[in-house]
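K.L.:
Sequence and predicted model, in that order:
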Amino acid sequence: MFRCHPLLAAAILPIAVSLACGGGTSSKAAAPSSIALASPTPAANLGPPNIVLILADDMGWGDLGSYGNTLIKTPNLDRLATEGVRFTTLYVPAPICAPSRAGLMTGRFPGRTGIPWNPPDRLHDDEIVIAEVLKARGYATGMVGKWHLGWVAEDMPIHHGFDYYYGVPTGEDEADFVLGDQPTRDTVGPDQLARRYTQEALKFITANKDRPFFMYIAHRDPHLPNSPAADFAGRSAGGTYGDTIEMLDATVGDLMKGLKDLGLDQNTLVLFTSDNGPVIPPKGPGSAGPFSGAKGSCEEGGVRVPGIARWPARIRAGRVVSEPVSTLDLFPTFVALAGAALPSRHYDGQDVSKLLTGEVDRIGGLGIDGGREIAFFGQSGAAGLRSGRWKYLRPGLWSGSITLFDLETDPGEQRDLSRERPDLVRQLEDRLQELL
Ligand code: MG
């Protein structure tokens, strides 16, 4: 039987275990209707799209060329952005691995799922993973890589709607490969994981090319420590970390070539993002771009991640979207794109498919400016709320006191306005309590 990893799990992020942020994102009330653009993208009658979700581990907002990094070369991901849409304000619901992934897979705040923080426990039995809904709709569902949402055989992805799973569930310990829900004797080292995962994903895609498929590729890179393959080691001006990201970028190129060779690249939505922000200097080499904070923090640097989507059949090339969105939105969005029905339960994100395809340029909501409210979750529950231009944070590792920032004039969260605007602090705290 597959072994448990409680000690390993505790070792994955020892610093984060002691963090104390809290909270969640939400759109508990139905959002007002979106604002339509004049000329929506013509819809090709190609049937439901294939969906490939690529998740990097601990990649920061500033780690890609298309997000301003001048040292690390990422031509394949940059091409994905120029051929599709790049989101500048994509949030994860929590700034560390397991709760972020729990939210991604369930569409719900981590605190509702059974995995509120690291080290992870397991998803509640009544949680519904996105693969279950897509599978019921007729999708072939595959996953490779870092699951991180449970450690024993019955917690593996194949028991949460995935037809196929191969990878290291913990992400980091290459001695513990699993196929399905059983250990395998695989000897792939960390330097080859991204390639192996991509190869296995392409095998699954090839085997299911004649039906809709959902492929979730959860890489272990560029999570520290880094082990780039020999043919990438020493190449990047961004050091070993840059080598690793450039290697990961190359696998995206391999994937896109595979999709094109199969004739699938037009009606396949390929979406790339990260589970949380990076480890930044002096502790690590990652970049959060212009933002403050890092992995573990609910400051922008910890929760704002790269987000790139390409789907030529429906997404016009070269768009850049600054509207706030959350990885919690992907569940209802994928459900809508697949033509499936959203299970009747509370979801904390919302369908943003029309924003994705460019049919609207804004998503209405109950925020201060009539737009989205994006909340953040930490070790002890709700941690903060973005509403319009304002970002309110409860005390946490990032600050010993309440803070309030105007992200429009101060995206780097340098000037705390909580004393000048106690009215907003009260309003946002009240709203955060309503949402979670
Ligand atoms: Mg992570």
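P.N.:
Okay, I see it. Residues are numbered from 1 along each chain as shown.
K.L.:
C-alpha from now on. contacts and neighbour counts both.
P.N.:
Fine.
K.L.:
Residue 114 reaches residue 108, doesn't it?
P.N.:
No: judged on C-alpha atoms under 8 Å, residue 114 makes no contact with residue 108 at a distance of 10.6 Å.
K.L.:
got the domain boundaries for this protein?
P.N.:
Domain ranges of the chain: 48-362, 364-436, per automatic domain parsing.
K.L.:
that older thread, residue 114 and residue 108: who's more crowded?
P.N.:
Taking other C-alpha atoms under 10 Å, residue 114 and residue 108 do not tie; residue 108 has more neighbours (27 against 19).
K.L.:
Check the gap between that one and residue 141 for me.
P.N.:
Per C-alpha to C-alpha, to the nearest Å, residue 108 is found 20 Å from residue 141.
K.L.:
What's the biggest helix in the chain, counting residues?
P.N.:
The longest helix of the chain (DSSP state H) is helix 239-261.
K.L.:
In terms of secondary structure, what does that helix contact?
P.N.:
Identification of packing neighbours for helix 239-261 by 3 or more C-alpha pairs under 8 Å, 6 or more residues apart in numbering; DSSP states H and E yields helix 75-82, helix 193-207.
K.L.:
continuing past it, what's the next helix or strand?
P.N.:
Counting by DSSP states H and E, the element after helix 239-261 in chain order, helix or strand, is strand 268-274.
K.L.:
list the buried ones in that following strand?
P.N.:
Under the neighbour-count criterion of 16 or more other C-alpha atoms under 10 Å, strand 268-274 has 268, 269, 270, 271, 272, 273, 274 buried.
K.L.:
got the contact list for the closest residue to the fourth one other than its chain neighbours?
P.N.:
Once flanking residues are discounted, residue 271 sits nearest to residue 309: 4.3 Å by C-alpha to C-alpha, 6 or more residues apart in numbering. The contact partners of residue 309, by C-alpha atoms under 8 Å, 6 or more residues apart in numbering, come to 80, 81, 84, 85, 86, 269, 270, 271, 272, 356.
K.L.:
and what of residue 316?
P.N.:
Residue 316 sits next to 41, 83, 84, 85, 357, 358 when contact means C-alpha under 8 Å, 6+ apart.
K.L.:
Count the neighbours of the last one for me.
P.N.:
Residues contacting residue 358 under the criterion other C-alpha under 10 Å number 21.
K.L.:
what's the answer for the third one, then?
P.N.:
A count of nearby residues for residue 84, using other C-alpha under 10 Å, gives 25.
K.L.:
In CSV, list the C-alpha atoms belonging to the longest helix of the chain.
P.N.:
The C-alpha trace of helix 239-261 is given here as CSV (Å, rounded to 0.1, in the frame of the first residue of the first chain):
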residue,chain,number,x,y,z
GLY,A,239,21.1,31.0,-12.0
THR,A,240,20.0,27.5,-11.1
TYR,A,241,16.5,28.8,-10.4
GLY,A,242,16.5,30.3,-13.9
ASP,A,243,17.8,27.1,-15.4
THR,A,244,14.9,25.3,-13.8
ILE,A,245,12.2,27.7,-15.0
GLU,A,246,13.8,27.6,-18.5
MET,A,247,13.6,23.8,-18.5
LEU,A,248,10.0,24.0,-17.4
ASP,A,249,9.3,26.5,-20.1
ALA,A,250,10.8,24.1,-22.7
THR,A,251,8.3,21.4,-21.5
VAL,A,252,5.5,23.7,-22.3
GLY,A,253,6.9,24.0,-25.8
ASP,A,254,7.0,20.2,-26.0
LEU,A,255,3.4,20.0,-24.9
MET,A,256,2.2,22.6,-27.4
LYS,A,257,4.1,20.8,-30.2
GLY,A,258,2.4,17.6,-29.2
LEU,A,259,-1.0,19.2,-29.2
LYS,A,260,-0.3,20.7,-32.6
ASP,A,261,1.0,17.4,-34.1
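K.L.:
So residue 307: helix, strand or coil?
P.N.:
Under the three-state scheme (DSSP: H, G, I helix; E, B strand; the rest coil), residue 307 adopts strand.
K.L.:
Check what pLDDT it gets.
P.N.:
We have a pLDDT of 98 for residue 307.
K.L.:
Enumerate every residue touching it.
P.N.:
Contacts for residue 307 were tallied using C-alpha under 8 Å, 6+ apart; they are 86, 87, 88, 90, 271, 272, 273, 274.
K.L.:
now do residue 164
P.N.:
141, 142, 143, 157, 158, 179, 180.
K.L.:
what about the residue nearest to residue 271, distance to the ion?
P.N.:
Separation of residue 309 from the ion (C-alpha to the ion, to the nearest Å): 20 Å.
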